[in-house]
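# Sequence and predicted structure are below.
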Amino acid sequence: MNPIIKVIIPAYNEQDSIGLVINDIPDTVQEVIVVSNASTDQTDEVAKKAGATVLREDTPGYGNACLKGMEYVANSKDKTDIIVFLDGDYSDYPEQLPLLITPIMEDGCDMVIGARDKRFRESGSMTIPQVFGNWLATTLMRLFFRARFTDLGPFRAMKYTSLLELEMEDKTYGWTVEMQLKVLKKKMKYTEIPVKYRNRIGVSKVSGTVKGAIFAGIKILSWIFKYSFK
């Protein structure tokens, strides 16, 4: 039996890329949910035209957008088996979604991270702060929790029932690391799949600014240290 898959895409001013992202998502996905996070451009209109369900979340924050999407799914009468998260800037390759779904369907994994392996990354697609931040966060998780993560990649799939167990709460940049830490704490089954990664369309709201990079780093480290002493 085919799983019921829903995709949640947080998007802030991604009018030039969001249509491309939606069009590249495989037809096996039942619903694409774009959460327009305080967008002031034509993101909403482009996403609707491409066939997505569009929600508004006017409180800025990556986690806020993801939580809005999850709230919508929870209130839906439709059954959901798997939730996939990916970015709206076209840096991920949506057509690789089946690679992330397979370990959940065949191996009973709770979570699958699309790891932005250096071998498959386009030159310049990750900034130096991003590369360092990923290295530091995953190294600390390995030291504190014996984790096997190599990336905090935004392209990820999770069994819906397992996602609900995590009781996600971070409203900004700590969303990805919170999810991974809670999976570790709950001893859920996880794996990583190497995926391709390209230069995004537009300027990153996190790594594209010094303030964004510093704030993201602080949030990520605070989650790690919070859980290391629990």
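Perfect, I can see it now. Numbers count the residues shown, from 1 in each chain.
# I'd like the distance from the helix or strand Val131 falls within to the chain centre, please.
Counting by DSSP states H and E, the secondary-structure element that holds Val131 is helix 128-145. A distance of 17 Å separates the centroid of the chain from that of helix 128-145, by C-alpha atoms, centre = their mean, to the nearest Å.
# excluding its backbone neighbours, what's nearest the residue nearest in space to the middle of the chain?
Among the residues of the chain, the smallest C-alpha distance to the mean C-alpha position (C-alpha atoms, centre = their mean) belongs to Pro154, namely 3.1 Å. In space, not counting the residues next to it along the chain, Pro154 is nearest to Asp87; the distance is 4.9 Å by C-beta to C-beta, 6 or more residues apart in numbering. No exception for glycine: its C-beta is placed from N, CA and C like everyone else's.
# how far away is that neighbour from Lys185?
Distance, Asp87 to Lys185, by C-beta to C-beta, to the nearest Å: 25 Å.
# Those two - which one has more neighbours?
Asp87 (21 against 12; other C-beta atoms under 10 Å).
# before we move on, which element is Val54 in?
Element membership for Val54 (DSSP H and E) is strand 53-57.
# Show me what that strand is packed against.
Based on contacts counted as 3 or more C-beta pairs under 8 Å, 6 or more residues apart in numbering; DSSP states H and E, the elements that strand 53-57 packs against are strand 31-37, helix 43-49, helix 62-75.
# Let me see the mean pLDDT of it.
For strand 53-57, mean pLDDT rounds to 98.
# any chance you could map the strands in this structure?
Applying DSSP state E to the chain gives strands spanning 5-11, 31-37, 53-57, 82-85, 111-115, 156-159, 190-194.
# Identify the residues contacting Asn37.
Residues near Asn37 by C-beta atoms under 8 Å, 6 or more residues apart in numbering: 10-12, 57-58, 60-62, 64-65.
# and the residues you listed, which two are the farthest apart?
Within the contacts of Asn37, two members stand farthest from each other by C-beta to C-beta: Asp58 and Tyr62, at 14.1 Å.
# Between those two, which has more neighbouring residues?
When neighbours are counted by other C-beta under 10 Å, Tyr62 comes out ahead of the other of Asp58 and Tyr62, with 25 against 10.
# residues in contact with that one?
10, 37, 172-173, 175, 206.
# Give me the buried entries from the residues you listed.
10, 37, 173, 175, 206 (16 or more other C-beta atoms under 10 Å).
# contacting residues for the spatially closest residue to Ile8 that is not a sequence neighbour?
Counting by C-beta to C-beta, 6+ apart, Gly69 is the residue found nearest to Ile8 once chain neighbours are left out, at 3.6 Å. When contacts are counted by C-beta under 8 Å, 6+ apart, Gly69 is found next to 8-10, 33, 35, 55.
# Local confidence estimate at Gly69?
On the pLDDT scale, Gly69 is placed at 98.
# Give me the sheet partners of the strand holding Val54 and which way each runs.
When pairing is defined by DSSP bridges, strand 53-57 lines up against strand 31-37 (parallel).
# so the partner strand versus strand 5-11, what angle?
Put simply, strand 31-37 runs at 20 degrees to strand 5-11, going by axes from the mean of the first three to the mean of the last three C-alpha atoms, to 10 degrees.
# pLDDT on strand 31-37, on average?
Model confidence over strand 31-37 averages 98 on the pLDDT scale.
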